[in-house]
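1. Kindly return the folded structure for what I paste below:
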Amino acid sequence: MLTAGGLLAGMAWHNTGDRVVRSNATRIIDWHLPDGSIWHGAWKAGLPVIAMRPHNGKVVLRYWLNGRGYATTEVDENWLLSNSFE
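-> Residues are numbered from 1 along each chain as shown. Alright, predicted model coming up:
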């Protein structure tokens, strides 16, 4: 029981965003949708997205699309720090 609880807690921690960030300018980004398709869209200035925990210098951004799920994209951690605010 303790092992199963620890496994579930670890999975929840791994899938929880690190922070909410906003872009300081509109950026053209390819978002990957849950169905495997790519949405060529934009990260509009001021629009909040979830930044996941950094891994190997990369950060996954998640944006919720009603009825479709999370759109994701991966960006360089240094790029994110210089082009966004919390």
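2. For the residue nearest to Pro34 when sequence neighbours are not counted, grab the count of nearby residues.
-> Closest residue to Pro34 apart from its sequence neighbours, by Cβ to Cβ, 6 or more residues apart in numbering: Gly69 at 4.0 Å. In this view, the C-beta of every residue, glycine as well, is placed from N, C-alpha and C. Look at Gly69: counted by other Cβ atoms under 10 Å, it has 12 neighbours.
3. and if you look at Val75?
-> 17.
4. Hmm, it is touching Lys58, no?
-> Yes - at 7.0 Å, Val75 and Lys58 qualify as touching, with contact defined as Cβ atoms under 8 Å.
5. From Glu74, how far out is the nearest residue in space to Val20 that is not next to it in sequence?
-> Closest residue to Val20 apart from its sequence neighbours, by Cβ to Cβ, 6+ apart: Pro48 at 5.0 Å. Distance from Pro48 to Glu74, counting by Cβ to Cβ, to the nearest Å: 18 Å.
6. any idea which residue sits dead centre in this protein?
-> Among the residues of the chain, the one closest to the centroid is Leu61, at 2.0 Å (Cα atoms, centre = their mean).
7. what about the helices in the protein?
-> Applying DSSP state H to the chain gives helices spanning 2-14, 77-83.
8. Compare these and say which comes out lowest on pLDDT.
-> Set side by side, the helices of the chain give their lowest mean pLDDT on helix 2-14, at a mean of 57.
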